[in-house]
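Colleague: Please work out how this folds:
(chains A and B)
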Protein chains: 2
Amino acid sequence: MRLSQYFLPTLKENPSEAQIVSHRLMLRSGLVRQMSAGIYAWLPAGYRVLRNIERIVREEQDAAGAQEVLMPTIQSADLWRESERYDAYGPEMLRFKDRHDREMLYGPTNEEMITVIFRDGVKSYKELPKNLYHIQWKFRDEVRPRFGVMRGREFLMKDAYSFDLDKAGAIRAYNRMFVAYLRTFARMGLKAIPMRADTGPIGGDLSHEFIVLADTGESAVFCHKDLVDKDILGRTVDYGGDLQPLVDEWTSLYAATDDMHDAAAFESTVPAERRVAARGIEVGHIFYFGTKYSSKMNATVAGPNGEPVTVEMGSYGIGVSRLLGAIIEASHDAAGIIWPEAIAPFRVGLLNLKPDDGTVTKACVDIYAALQAKGTTVLYDDRDLRPGAKFADMDLVGVPWQLIVGPKGLAAGKIELKNRKTGERVELAPEAAIARLTG
Amino acid sequence: MRLSQYFLPTLKENPSEAQIVSHRLMLRSGLVRQMSAGIYAWLPAGYRVLRNIERIVREEQDAAGAQEVLMPTIQSADLWRESERYDAYGPEMLRFKDRHDREMLYGPTNEEMITVIFRDGVKSYKELPKNLYHIQWKFRDEVRPRFGVMRGREFLMKDAYSFDLDKAGAIRAYNRMFVAYLRTFARMGLKAIPMRADTGPIGGDLSHEFIVLADTGESAVFCHKDLVDKDILGRTVDYGGDLQPLVDEWTSLYAATDDMHDAAAFESTVPAERRVAARGIEVGHIFYFGTKYSSKMNATVAGPNGEPVTVEMGSYGIGVSRLLGAIIEASHDAAGIIWPEAIAPFRVGLLNLKPDDGTVTKACVDIYAALQAKGTTVLYDDRDLRPGAKFADMDLVGVPWQLIVGPKGLAAGKIELKNRKTGERVELAPEAAIARLTG
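Modeller: As a prediction, this is how the structure comes out:
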């Protein structure tokens, strides 16, 4: 994409309404704009990142055997009366009446709706297990929306729902999602640590939060340093096999959020030099809640002997839009965002330092075409601006690799390749730089 | 995907609430389920089709130079007061108050919001032209929602908005979308004919509807047969060049919907044997409306001499979820849906006629793996059911190619390849069938 044509309205000044760094940087780098309190429009670069995150979430859900559906945003109040949550849910639920005076709501979550879909579509234990997920916008009418997309009102969530014949099956489903979550966050370049959690209003008796460590995190967290060092992507995962040993490996070490923290246990089970006391941001939450919804809503299947069996359920959420904020909180510097490669809006930034110089521009156009031909996404800064402004914008937007093309270097047959994260720079011939980025 | 594990709740009986064939077939083949009047959940196979349609729409919008954003579903009433449409819009607009008693609405369209985003982000004529689009759920509180996804209340729409310095630029933007629409619908296997249209509540003075011909269409249409025979996909399109001749070629022939029809002109300009009088379904609508919104909402840029210039706008819609219904109306038979290959939920259906026969199952598993390894999507019917039920389900779901594997054929080294559309069948060795489908 040529920056001269791209809609990337960066801001020079810090917006006064933004209290945290991710919110400031998302506004400054032209990723989002607030439309109403806690309601954002995603501009082209921000939407590219959001879609990259969605893609990774989807690939890992599919790999773990979940099947994608899409439930609507608007639900009938009657659904929530069946589960007895309609009156219990507070003013965070956005409620309204349609033109025929029927009570409706904007879904804050989908346990009820998916239970109805399952109940109508699955009749026999032979069709189990099932795990259905969707990636859809939700609305929670927060009293004080803040921190940008980290605590918005309209937000994008991936929520999966598992259905099994018995508790053992449900735990296997839980474990598949547990491992899929480890992989999902790791692929985004995040250290997300599963921590035993309170089940809250969703209910149930087994639950983990996945917490990204970031100095600016919303809550204090405590864990064993080994958990930070573990790497799931180097491990072979067989979703058809027994994942319990893998899950045990991650859950046997101490990890707790503030409200579940037990200082005595922390000190007695973790050696002093391996104790991590940090701050964290929740990016995922998984629940096993048994028959809490299926029994109230009569979701049964015919069991092996024909008798009705109330299905065992779990639900599994990832805060897709929130992840942008969390990733920026965990990965930025004074100059701007540092995107992990897998989710960056563009992989390469190409800086033309002298657009009115035919030789420089010819070199840039050739590099731009060569990289795109190899499937690499490129943001080409062809604007008629001084180099300093281009360096600043490219650092702010956080493109992982920068190719800097100027008349002096080019006369010597060289261009500069800069790594946004490390700041490392190397001079290379254009062909060598292209090979390095596409090899 | 193995059908034994897939969530594809097909129905044997025609649902009584469905009045038209696409609605019946979408329910029967397990693509969607109604959650409330005019509000649908998309089940796995239906969502696969919807995403395929989205992908084609996105690729063609991007190719035509439009940039993707995502605006939220919920808007502030104040936005619509700026354009003076809040009071004018009828009860189709879903209105409500949030917990702080602020007037909000579920967006039925986005002219106002995109104008604000443009106004805040673009300052100079040098940044023009711009075309921003999104693919987002909309809500229109129809008094009588019906015909399934063809006239739902919550529906998925692609809407693009162009911004230009003058009318000539706006017409160029209009032409780019005109040609992109021809390509978009053609890639989906549809004959969609542009017809001069009334501009209605959007306003403006130039507008075309894109109409798919289908016997069961909602309105009568009249056009020259040459328009039906034209093929845009065989033509070279240069979005940077002058598209007016191409647009003229498509607009110089007679084409009109019922309300714009001029019988005398039809008969005087179209030879009798080239007159098409048919029924059609609207799947796209494009508008040039000049400064209707930009003047009311003060969307200006600094012109070449620094003076403020009110931008010229157009908007361009495609009914993404409606397209599923339209495609089925245009492409089905008594047995079920006939999906065009580009948007089918799976390209190949693999039917194991004897799952308890080790040889047959081994052959199926090998074919399944070989096709998937080549990137072909396969729905593998491995269920323990009689052949007749499998044939019926695969025809109902409308997978374009069927591979039928039974013990008798296999003993002779053959499997059967059936084309869903033509019904043509051919016996081939398994390797030859795989080569034919992936070559």
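
Colleague: From here on, just use CA atoms for contacts and neighbour counts.
Modeller: OK.

Colleague: what packs against the host helix or strand of A:Met177?
Modeller: Element membership for A:Met177, per DSSP states H and E: helix A:167-187. With contacts taken as 3 or more CA pairs under 8 Å, 6 or more residues apart in numbering or on different chains; DSSP states H and E, helix A:167-187 sits against helix A:44-63, strand A:154-164, strand A:192-196, helix A:244-251, strand A:275-290, strand A:312-319.

Colleague: nearest to B:Leu11, of the ones you listed?
Modeller: strand A:154-164 (21.4 Å; CA to CA).

Colleague: who does that closest one pair up with?
Modeller: Strand A:154-164 sits in its sheet next to strand A:130-139 (antiparallel), strand A:312-319 (antiparallel), going by DSSP bridges.

Colleague: returning to that earlier point: between the helix holding A:Met177 and helix A:44-63, how many degrees?
Modeller: 150 degrees (axes from the mean of the first three to the mean of the last three CA atoms, to 10 degrees).

Colleague: For helix A:167-187, C-alpha coordinates in CSV please.
Modeller: Provided in CSV are the C-alpha atoms of helix A:167-187 (Å, rounded to 0.1, in the frame of the first residue of the first chain):
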residue,chain,number,x,y,z
LYS,A,167,-17.9,-34.8,32.8
ALA,A,168,-14.9,-36.7,31.5
GLY,A,169,-15.8,-35.7,27.9
ALA,A,170,-16.3,-32.1,29.0
ILE,A,171,-12.9,-32.0,30.7
ARG,A,172,-11.3,-33.3,27.4
ALA,A,173,-13.1,-30.5,25.6
TYR,A,174,-11.8,-28.0,28.2
ASN,A,175,-8.3,-29.3,27.8
ARG,A,176,-8.4,-28.9,24.0
MET,A,177,-9.4,-25.3,24.4
PHE,A,178,-6.7,-24.8,27.1
VAL,A,179,-4.0,-26.0,24.7
ALA,A,180,-5.5,-24.1,21.8
TYR,A,181,-5.4,-20.9,23.9
LEU,A,182,-1.7,-21.5,24.7
ARG,A,183,-1.0,-21.8,21.0
THR,A,184,-3.2,-18.9,20.0
PHE,A,185,-1.5,-16.4,22.2
ALA,A,186,2.0,-17.7,21.6
ARG,A,187,1.5,-17.3,17.8
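
Colleague: List the buried residues in it.
Modeller: Neighbour-count burial for helix A:167-187, counted by 16 or more other CA atoms under 10 Å in any protein chain shown, picks out A:167, A:169-185, A:187.

Colleague: Go ahead and measure how far it is from the middle of the chain.
Modeller: On the basis of CA atoms, centre = their mean, to the nearest Å, helix A:167-187 sits 16 Å off its chain's mean C-alpha point.

Colleague: can you list contacts of that helix?
Modeller: A:56-57, A:60-61, A:64, A:129, A:131, A:162-164, A:191-193, A:210, A:231-233, A:239, A:242-244, A:246-247, A:284, A:286-288, A:290, A:312-314, A:316, A:342 (CA atoms under 8 Å, 6 or more residues apart in numbering or on different chains).

Colleague: Low-confidence ranges, the stretch 201-350 of chain A, go.
Modeller: Along the stretch 201-350 of chain A, segments meeting pLDDT under 70 span A:201-205.

Colleague: count of neighbours near whichever residue of it sits closest to chain B?
Modeller: As assessed by CA to the nearest CA, chain B sits closest to A:Ser321 within the stretch 201-350 of chain A, at 11.9 Å. Here the count is done by other CA atoms under 10 Å in any protein chain shown, and A:Ser321 has 27 residues near it.

Colleague: show me the contacts for A:Gly406.
Modeller: A:Asn352, A:Leu353, A:Lys354, A:Val360, A:Ile415 are the contacts of A:Gly406 under CA under 8 Å, 6+ apart.

Colleague: Next one: the last one from chain B, what distance?
Modeller: Read that as A:Ile415. A:Ile415 is 28 Å from chain B, where distance means CA to the nearest CA, to the nearest Å.

Colleague: Show the contacting residues for that residue.
Modeller: So A:Ile415 contacts A:Leu403, A:Ile404, A:Val405, A:Gly406, A:Gly409, A:Glu427, A:Leu428, A:Ala429, A:Pro430, A:Ala433 (CA under 8 Å, 6+ apart).

Colleague: rewinding a little: please identify which of the helices and strands packed on helix A:167-187 is closest to A:Gln5.
Modeller: Nearest to A:Gln5 among the helices and strands packed on helix A:167-187 is helix A:44-63; the distance by CA to CA comes to 11.7 Å.

Colleague: A:Gly306 falls within a helix, correct?
Modeller: No: judged by DSSP: H, G, I helix; E, B strand; the rest coil, A:Gly306 forms no part of a helix; its state is coil.

Colleague: before we move on, back to that, with secondary structure and pLDDT as new columns, can the contacts of A:Gly406 be given to me in CSV?
Modeller: Converted to CSV, these look like this (DSSP: H, G, I helix; E, B strand; the rest coil; pLDDT from 0 to 100):
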residue, secondary structure, pLDDT
A:Asn352, strand, 98
A:Leu353, coil, 98
A:Lys354, coil, 97
A:Val360, helix, 98
A:Ile415, strand, 98
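
Colleague: Could you identify which of the residues you listed has the most neighbours?
Modeller: A:Asn352 (28 neighbours).

Colleague: circling back to that earlier point, CSV please, covering the helices and strands packed on helix A:167-187 and showing mean neighbour count and distance to B:Ile114.
Modeller: Formatted as CSV, these follow (neighbours: other CA atoms under 10 Å in any protein chain shown; distance: least, CA to CA, whole Å):
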stretch, mean neighbour count, distance to B:Ile114
helix A:44-63, 20, 13
strand A:154-164, 24, 18
strand A:192-196, 25, 36
helix A:244-251, 14, 46
strand A:275-290, 23, 30
strand A:312-319, 25, 26
